[in-house]
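>>> Predicted coordinates and the sequence they were generated for:
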Amino acid sequence: MSLRVRFAPSPTGALHIGGARTALYNWLLARGHDGTLVLRIEDTDRERSTPENVDQILDALRWLNIDFDEGPIFQSERAPRHAEALDQLLAGGHAYRSTATADDVRAYKDRHGDDRGFRGDAESAGAVRLRVPDGGETIVHDVIRGETRFPNANLDDPVIARADGSVLYNFAVAIDDLDAGITHVVRGEDHLSNTPKQLLVLEALGADAPRYAHLPLLHGPDGRKLSKRHGAASVQELRDGGYLPEAVDNYIALLGAGFAADEEFFSLPELAERFRLERVSKNPAVFDEHKLRHLNGRHLRELGTAELTDRLERFTGRTGLRGAVEIAAEKIQTLADFWPLVSFLFDGPVDDPAAFDKTIGPDGGVSALTAARQALAETEPFDVSGVEGALRGVVERTETKPGKVFQPVRVAVAGQTVSPGIFETVALLGKDETLARIDAALARARDQP
RNA sequence: GCCGCUAUCGUCCAGGGGACUAGGACGCCGCCCUCUCACGGCGGAAACCCGGGUUCGAAUCCCGGUAGCGGUACCA
């Protein structure tokens, strides 16, 4: 069977994480079945769907390595076809014009009962409503949820076009899916109750319906709709937060994919291979940045030094980072963690008086540092093992704990109590720079007793 | 209000009539490794929403309740 799947974002600028997951699932479905993936843009909301916002959505999708085989198809450009389909329904008596307002619908329900769907009378002007049968039911066959039945009696005759002739979403999307030969519609659960309307449109046109699958929604840690209050709600924010597209794809795929629980570290091809639409969970999921960070760390280390250096240089806007990457890679979980950890290598020790006082100030830090300085001055060659031998020698000779020597040195060269391994750090800085920094720290300790 | 969806550790998943003393991962706690922070290793605490029913047997099937969520636009 040849699958045709489509993803249809509403381009409001930010690609919501839930939207990204929907896009990914569509992609995984298509890639896993040799199917075709179509991008359709719901761009008729003029206020939000600016060309800039469309570009941002496209960028975010590209960043996630989600590529499309066809499209984008813009809903706004399909207006002539929508008008034609509308005329067809009007002519066939499947739709009618009505001037009924929301208040009229309300009044109708007050008369007939809250659960009774609105039915209007055909008029010569007004918006176009689809005529919903009075009896029977419209059944949504959902790949994930099974059958959901909507009795036609409680469905309102939906407005499918405004009085000015412009069509509404539930009509347009049904026509576009039909024309594009879409076989699978995978989208958020918030569309489940729209589905009977779309099914009714298709039915009135005498067309077959695609297969539907409605994905559970994504929530923030407080159980509410994911928003910026939760840290990151969009793919763009994740990217700026130093996450890797590989990790984001991996993580959002996990939220509901229903894979066996034995392993959860996957590449995109591995995800496509395992993805089964029918396995997708029905429960809403909570987005947990902790787990994303964990996965990100693993993907980060999987990259290898060369690739990681490249990404880090693009992220920080710096160059010549390779040496720092080699010694810091195992200590970071996101690209954003990198610079605070190693900036001292390039920009000099950071200024942290508390760290200085604690390790070099009052107690015996000065004498240990002085001894370390002397040993390092005589170290040749000045490489990792040479530095290690020198510093460990000081520890032995002074019969103290390693930390009593290493921490003062760390603070002297880095200015902070946390850094990559001290031998690697000192070796990378080189003898001259290291000694200069130690001398500066020693001088500072003398000046402020 | 009405229509609909959902319900297993704090979180994400697994288990879908007996293999459940309910499994894995993140997080948390402890220990080990250790120059800091991490990484890694080992161990621990931690869940079947409630009530009925079906059945020899229910986390699993059915019904009800409750809760959460979604929809209820001449938005998408």
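Received it, and whenever you're ready, just let me know what you need. Keep in mind it's a predicted model, so treat the numbers as computed, not measured.
>>> wait, is A:H214 part of a strand?
Yes - with DSSP: H, G, I helix; E, B strand; the rest coil as the criterion, A:H214 is part of a strand.
>>> Just to check, it is in contact with A:H184?
No - counting by C-beta atoms under 8 Å, A:H214 does not reach A:H184; the two are 11.8 Å apart. Glycine gets a C-beta too; all of them are placed from N, C-alpha and C.
>>> Of those two, which one has the most company?
A:H214 (24 against 20; other C-beta atoms under 10 Å).
>>> And that one, what's its pLDDT?
Note on A:H214: pLDDT of 96.
>>> how close does it get to A:G126?
For A:H214, the distance to A:G126 equals 32 Å [C-beta to C-beta, to the nearest Å].
>>> Show me the strands in the stretch 101-250 of chain A, by range?
A:127-130, A:137-142, A:146-151, A:159-161, A:184-188, A:211-215, A:218-219 (DSSP state E, counting those that start in this stretch).
>>> Helix, strand or coil: sort out the residue of chain A positioned farthest from its centre for me.
In terms of distance from the mean C-alpha position of chain A, A:R397 ranks first, at 53.6 Å (C-alpha atoms, centre = their mean). For A:R397, the assignment made with three-state DSSP gives helix.
>>> out of everything not next to it in sequence, what's closest to it?
In space, and not counting its chain neighbours, A:R397 is closest to A:A371: 7.4 Å by C-beta to C-beta, 6 or more residues apart in numbering.
>>> ok, which stretches of the stretch 251-400 of chain A are helices?
A:268-274, A:289-302, A:305-316, A:322-328, A:335-347, A:353-359, A:365-377, A:384-398 (DSSP state H, counting those that start in this stretch).
>>> Check the separation of the first and last residues in stretch A:159-172.
12 Å (C-alpha to C-alpha, to the nearest Å).
>>> now do stretch A:75-84
Stretch A:75-84 end-to-end distance (C-alpha to C-alpha) = 15 Å.
>>> which outside residues touch it?
By C-beta atoms under 8 Å, 6 or more residues apart in numbering, the surrounding residues in contact with stretch A:75-84 are A:40-44, A:161, A:165-167, A:171-173, A:175-176, A:179.
>>> so which of the residues you listed is the most crowded?
Going by other C-beta under 10 Å, A:A172 tops the contacts of stretch A:75-84 with 26 neighbours.
>>> Quick check: the gap between it and A:L130.
According to C-beta to C-beta, A:A172 stands 13 Å off from A:L130.
>>> Around the closest residue in space to A:A232 that isn't next to it in sequence, how many other residues sit close by?
Distances taken as C-beta to C-beta, 6+ apart put A:L238 closest to A:A232, at 5.2 Å, once the chain neighbours are dropped. Using other C-beta under 10 Å, A:L238 has 28 other residues around it.
>>> just the one 5 residues further on next, same as before
Other residues near A:Y243 come to 25 when the count uses other C-beta under 10 Å.
>>> which phi and psi does it have?
phi -90, psi 150 (degrees, to the nearest 10).
>>> Contacts only, for the residue lying closest to it once chain neighbours are set aside.
Once flanking residues are discounted, A:Y243 sits nearest to A:N296: 5.2 Å by C-beta to C-beta, 6+ apart. Residues counted as contacts of A:N296 (C-beta under 8 Å, 6+ apart) are A:242-244, A:247, A:251, A:333-334.
>>> Now name the helix or strand holding the residue nearest to A:I422 when sequence neighbours are not counted.
Taking C-beta to C-beta, 6+ apart, and ignoring the residues beside it in sequence, A:I422 has A:F406 as its nearest neighbour in space, at 4.9 Å. Using DSSP states H and E, the element containing A:F406 is helix A:402-414.
>>> Give the other helices and strands that that helix contacts.
Secondary-structure packing of helix A:402-414 (3 or more C-beta pairs under 8 Å, 6 or more residues apart in numbering; DSSP states H and E): helix A:353-359, helix A:365-377, helix A:384-398, helix A:422-429, helix A:431-447.
>>> Redo those as TSV? Include mean pLDDT.
Formatted as TSV, those follow (pLDDT from 0 to 100):
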stretch	mean pLDDT
helix A:353-359	89
helix A:365-377	93
helix A:384-398	95
helix A:422-429	97
helix A:431-447	94
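>>> In JSON lines, list those along with distance to A:A107.
What follows is the helices and strands packed on helix A:402-414, written out as JSON lines (distance: least, C-beta to C-beta, whole Å):
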{"stretch": "helix A:353-359", "distance to A:A107": "70"}
{"stretch": "helix A:365-377", "distance to A:A107": "83"}
{"stretch": "helix A:384-398", "distance to A:A107": "82"}
{"stretch": "helix A:422-429", "distance to A:A107": "76"}
{"stretch": "helix A:431-447", "distance to A:A107": "81"}
